[in-house]
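Participant: test case, fold it:
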Amino acid sequence: MIDLDIQNQQDDRNIDVDKVGVKDIRYPITVLDKQTKTQQTVAVINMYVNLPRNYKGTHMSRLVEILNEHDRRISIHNFSDILSTMKERLNAESAHIEISFPYFIMKTSPVSHSKGLMEYQCTFKGSLNKGKDLVVVINVPINTLCPCSKEISSFSAHNQRGEVRLQVRFKKFIWIEDLIKLVEGSASSDVYSVLKREDEKYVTEKAYQNPKFVEDIVRDIASKLERDPNITWFAVESENFESIHNHNAYAYIEKHKAKRYNRR
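Facilitator: You can find the predicted model right below:
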């Protein structure tokens, strides 16, 4: 009888594979929403396990089966369960999952109170090896106005849209909305999907009164995260899509707070 389980056959190259699995699964999911309890969206999912040196391959279809068993409901709360199932079902020492999805928040303009949905790209990254690890990633569009341009110009100052990418590790549950609010509060002004003329005036003048370099953005966000005892590690980067330069401006800060606390 022919053995059709090729993956379990012996491999003689004596090389471990750190990650093997499936990528770019487009999948409908339900995520937790602070305002409406849940939100339906479509994610791109990557799932991996390690492969010991003595096995030829892994059973990739089992990863998709595990995803289907969770009935579209994905949240920070059940990440550990998914990873544990992956390790057990595929006989692996480590498991990894990355779930990226657009997240929508109804945002009201500052003066006319016009409502419109804002999209934020989010990612949950989880790993389970000897311990578990979970990182939440959000990408937040912002507006910045150049302090130098304001200082040297007689009439105006150049401003531009930018993007902040924030990654955090934490002790207890944290809302996506709270991270977004923290980032937007550190910008020269917010970005909105709907603005009337009176809103444009407000946003423009607010940015003019609140100029920020990319260095200011990452430092302001880092200062707030440093004071939050729930955050154990963060990485924050800010990039300006410059309006008058043929390049982008960029700044990055990473901090592992746990290491600092352990030295006390």
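Participant: I'd like the average pLDDT over stretch 224-231.
Facilitator: The average pLDDT within stretch 224-231 is 97.
Participant: what's in contact with it?
Facilitator: With contacts defined as Cβ atoms under 8 Å, 6 or more residues apart in numbering, stretch 224-231 is touched by 168-172, 174, 182, 186, 234, 236, 255, 257. The C-beta positions use only the backbone N, C-alpha and C, and glycine is treated the same way.
Participant: can you give me the buried ones in it?
Facilitator: Neighbour counts over stretch 224-231 (16 or more other Cβ atoms under 10 Å) mark 225, 231 as buried.
Participant: among the contacts of stretch 224-231, which one sits closest to residue 147?
Facilitator: Proximity of the contacts of stretch 224-231 to residue 147 was ranked by Cβ to Cβ; the top entry is residue 186 with 14.5 Å.
Participant: skip the chain neighbours and tell me the closest residue to the closest one.
Facilitator: Leaving out its chain neighbours, the residue that sits closest to residue 186 by Cβ to Cβ, 6 or more residues apart in numbering is residue 220, at 4.1 Å.
Participant: what helix or strand does the one you found sit in?
Facilitator: helix 214-226 (DSSP states H and E).
Participant: mind exporting the helix or strand following that helix as PDB, just the C-alpha atoms?
Facilitator: Using DSSP H and E, the helix or strand that follows helix 214-226 in sequence is strand 231-240. Once non-C-alpha atoms are left out, strand 231-240 reads as follows in PDB (Å, rounded to 0.1, in the frame of the first residue of the first chain):
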ATOM      1  CA  ILE A 231       1.700  49.000  28.100                       C
ATOM      2  CA  THR A 232       4.800  46.900  28.400                       C
ATOM      3  CA  TRP A 233       6.400  47.500  25.000                       C
ATOM      4  CA  PHE A 234       5.800  49.900  22.100                       C
ATOM      5  CA  ALA A 235       7.200  50.900  18.700                       C
ATOM      6  CA  VAL A 236       5.900  54.100  17.100                       C
ATOM      7  CA  GLU A 237       6.900  55.500  13.700                       C
ATOM      8  CA  SER A 238       5.700  58.600  11.900                       C
ATOM      9  CA  GLU A 239       6.000  59.300   8.200                       C
ATOM     10  CA  ASN A 240       5.100  62.600   6.500                       C
END
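Participant: which is the next helix or strand following strand 231-240?
Facilitator: With DSSP H and E, the next secondary element past strand 231-240 is strand 249-256.
Participant: angle of that next one against helix 214-226?
Facilitator: Strand 249-256 and helix 214-226 are oriented at 20 degrees to each other (axes from the mean of the first three to the mean of the last three Cα atoms, to 10 degrees).
Participant: so which bits of strand 249-256 are buried?
Facilitator: Within strand 249-256, the residues that count as buried by 16+ other Cβ under 10 Å are 249, 251, 253, 255.
Participant: which residues touch the nearest residue to the second one once chain neighbours are set aside?
Facilitator: Translated: residue 251. Counting by Cβ to Cβ, 6+ apart, residue 251 lies nearest to residue 214, which is 4.1 Å off, once chain neighbours are set aside. Residue 214 makes contact with 144, 162, 238-240, 249-251, according to Cβ under 8 Å, 6+ apart.
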